[in-house]
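1. need coordinates for the following:
(one chain, ligands or ions: 2)
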Amino acid sequence: MVKAKVWTLKNHFQGFPKASDFELKEVELPKLKDGEVLLASVFLSLDPYMRPYSQKSLKEGDKMMGSQVARIVESKNPTYHIGAFAVANGGWTTHFISDGKDLQLLPTPWPETLPISLALGTIGMPGLTAYFGLFEICRIKSGDILLVNSAAGAVGAVVGQLAKIGGCKVVGCAGSDKKVAYLKQIGFDEAFNYKTVGSLEEALRKASPSGYDCYFDNVGGEFSDIALRQMKKYGRIAVCGAISLYNDEELQKGPYVQVPMIYQELCMEGFIVSRWNNRREEGLKALLKWVVEGKIKYHEDVTEGFENMPAAFMGMLKGDNFGKAILKM
Ligand SMILES: NC(=O)C1=CN([C@@H]2O[C@H](COP(=O)(O)OP(=O)(O)OC[C@H]3O[C@@H](n4cnc5c(N)ncnc54)[C@H](OP(=O)(O)O)[C@@H]3O)[C@@H](O)[C@H]2O)C=CC1
Ligand SMILES: CCCCCC(=O)/C=C/[C@@H]1[C@@H](C/C=C\CCCC(=O)O)[C@@H](O)C[C@H]1O
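-> Ligands and ions are numbered 1, 2, ... in the order given. Model (predicted):
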């Protein structure tokens with residue numbers, strides 16, 4: 001009999017999440033049926049979408065949803081062998097049972113030199129978000145000038161490095177001087193701390209006086225109102241995330257996008273990475289190759305201990321994470 005520890009949503013968040021909104025429970029898992037697999041979480045992912053998603057799709061008392069790299073500890077499914085590692089959507093839990101349909105075995109062979117937690121970051125969903133958002137939505141070409149915000153994060157750092165591989169000039173913004181120094185170290189042409197620049201409008205203009213061909217937006221809100229007005233003619237905007245709005249209690253009204261979009265003939269498109277699930281292998285293979293070749297660098301922010309999951313989640317939402325936020329069991 002396996003007892004799983006599970007983090008649940010005790011109260012729906014009101015504004016920024018609080019420690020008291022989460023509750024740790026213990027659940028007894030049933031015996032495996034034919035076709036099922038028992039998994040133990042090894043690394044859990046901390047992702048911004050968990051904030052808006054929980055509000056929209058969870059009831060109070062439900063398990064927090066999320067993904068992990070997990071080890072198969074018992075199997076009644078011939079496809080999954082004990083000891084293998086898979087990426088799963090098991091939620092915030094130490095153990096869980098799967099029928100195998102939502103499991104993705106790690107790309108093989110997985111290089112010994114790389115941590116398997118990268119399957120939740122640079123060589124996982126956030127890396128794929130950067131890859132498809134950049135190549136399919138921004139449609140970058142060599143010589144383009146690209147702007148990305150939340151640039152030192154899981155998605156943003158890959159966006160900037162892929163854009164450099166594609167021959168772009170890359171401007172990145174992040175929320176601390178340490179993050180900005182890192183962006184320069186991994187090859188960003190220009191980087192600044194959006195919290196300390198004073199005028200974001202001037203900082204963006206200084207970084208690229210001729211404006212931007214592509215804007216990969218992870219932040220939304222006021223930042224985007226300002227960035228949108230510095231797009232070049234026929235610019236492309238990938239609306240990937242809007243983390244500056246996820247904790248808002250009420251819908252905000254902002255300056256409206258139509259006028260700059262018309263004058264500059266912009267193309268602005270929102271996307272969810274799962275649109276390209278049928279090209280997942282292609283994306284992972286490319287990302288893995290670039291990481292192995294050293295063309296894409298990675299940084300992980302690892303918190304230890306399942307009991308610290310809510311604190312690590314809230315820290316990530318505040319910007320405490322330096323690189324992909326991960327919890328190690
Ligand atoms: N469309 C899709 O399919 C997907 C979208 N996303 C989106 O991509 C974005 C980045 O995700 P991910 O890379 O995993 O997360 P990150 O690793 O970038 O972590 C979140 C970061 O957001 C930044 N941030 C927090 N609050 C604000 C704010 N008010 N203004 C500006 N920046 C803020 C912080 O960085 P800083 O210190 O720089 O402020 C923080 O570190 C999110 O919006 C997410 O929802 C992610 C995956 C898939
Ligand atoms: C306003 C929410 C924006 C979330 C952007 C983001 O980070 C997406 C991440 C996806 C995530 C999907 C989560 C929520 C989308 C809800 C759509 C719905 O059908 O209800 C999850 O699939 C992992 C990332 O692909």
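2. alpha carbons only for contacts and neighbour counts from here, please
-> OK.
3. I'd guessed residue 309 sits against residue 329; true?
-> No: applying CA atoms under 8 Å, one finds residue 309 not in contact with residue 329, separated by 9.6 Å.
4. ok, the two, which is more surrounded?
-> When neighbours are counted by other CA atoms under 10 Å, residue 309 and residue 329 differ, and residue 309 comes out ahead with 23 against 16.
5. the nearest residue to that one once chain neighbours are set aside: neighbour count?
-> Closest residue in space to residue 309, ignoring its immediate chain neighbours: residue 327 at 6.8 Å, by CA to CA, 6 or more residues apart in numbering. Residue 327 is flanked by 25 other residues according to other CA under 10 Å.
6. quickly find the element holding residue 327.
-> Here residue 327 sits within strand 324-328, counting by DSSP states H and E.
7. contacts only, for residue 292.
-> Shown in contact with residue 292 (CA atoms under 8 Å, 6 or more residues apart in numbering): no residues.
8. that one and ligand 2, how far apart?
-> 24 Å (CA to the nearest ligand atom, to the nearest Å).
9. state the phi and psi torsions of that residue.
-> phi -60, psi -40 (degrees, to the nearest 10).
10. three-state assignment of residue 182?
-> For residue 182, the assignment made with DSSP: H, G, I helix; E, B strand; the rest coil gives helix.
11. and the contacts of stretch 38-53?
-> Applying CA under 8 Å, 6+ apart, the set of residues contacting stretch 38-53 is 32, 64-75, 92-98, 117, 120, 243, 246-247, 312-313, 316-317, 325-329.
12. what comes up buried for that stretch?
-> By neighbour count with 16 or more other CA atoms under 10 Å, stretch 38-53 contains the buried residues 38-48, 50-51.
13. in a strand, that's where residue 26 is, yeah?
-> Yes: with three-state DSSP as the criterion, residue 26 is part of a strand.
14. next, count neighbours for it.
-> Residues lying near residue 26 (other CA under 10 Å) number 12.
15. hang on, isn't it packed against residue 2?
-> No: assessed by CA under 8 Å, residue 26 is found out of contact with residue 2, at 10.1 Å.
16. which of the contacts of stretch 38-53 come close to ligand 2?
-> The subset of the contacts of stretch 38-53 within reach of ligand 2, by CA under 6 Å from any ligand atom, is empty.
17. which members of the residues you listed occur in helices, if any?
-> Secondary structure assignment by DSSP state H places 312, 313, 316, 317 of the contacts of stretch 38-53 in helices.
18. how near is the last one to ligand 2?
-> In other words, residue 317. 12 Å.
19. how far away is the nearest residue to that residue once chain neighbours are set aside from ligand 2?
-> Closest residue to residue 317 apart from its sequence neighbours, by CA to CA, 6+ apart: residue 48 at 6.4 Å. Separation of residue 48 from ligand 2 (CA to the nearest ligand atom) stands at 6 Å.
20. same check on residue 133?
-> From residue 133 to ligand 2 the distance is 12 Å (CA to the nearest ligand atom).
21. what number of residues lie near that residue?
-> When neighbours are defined as other CA under 10 Å, residue 133 has 27 of them.
22. what's near enough to touch it?
-> 216, 238, 240, 271, 273.
23. now swap in residue 140 and tell me
-> Residue 140 is in contact with 134, 163, 166, 168, 214, counting by CA under 8 Å, 6+ apart.
24. that one belongs to a strand?
-> No: applying three-state DSSP, one finds residue 140 to be coil, outside a strand.
25. ok so, going back, in helices, which of the contacts of residue 140 fall?
-> Members of the contacts of residue 140 lying in helices (criterion: DSSP H): residue 163.
26. just give me the closest of the contacts of residue 140 to ligand 2.
-> residue 134 (15.1 Å; CA to the nearest ligand atom).
27. thinking that closest one is in contact with residue 158, fair?
-> No: with contact defined as CA under 8 Å, residue 134 does not reach residue 158; the gap is 9.8 Å.
28. spell out which parts of this protein neighbour ligand 2.
-> Checking the chain against ligand 2 by CA under 6 Å from any ligand atom, the hits are 48, 49, 52, 53, 241, 272, 273, 274.
29. quick one: neighbours of residue 115, just the number.
-> 10.
30. closest residue of the chain to ligand 2?
-> For the chain, CA to the nearest ligand atom, closest residue to ligand 2: residue 49, 4.0 Å.
31. in the stretch 201-329 of the chain, which spans are strands?
-> Applying DSSP state E, counting those that start in this stretch to the stretch 201-329 of the chain gives strands spanning 212-217, 231-239, 267-270, 300-304, 324-328.
32. pull out the buried positions in the shortest one.
-> This means strand 267-270. Under 16+ other CA under 10 Å, the buried positions of strand 267-270 are 267, 268.
33. I am finished for the moment; much appreciated.
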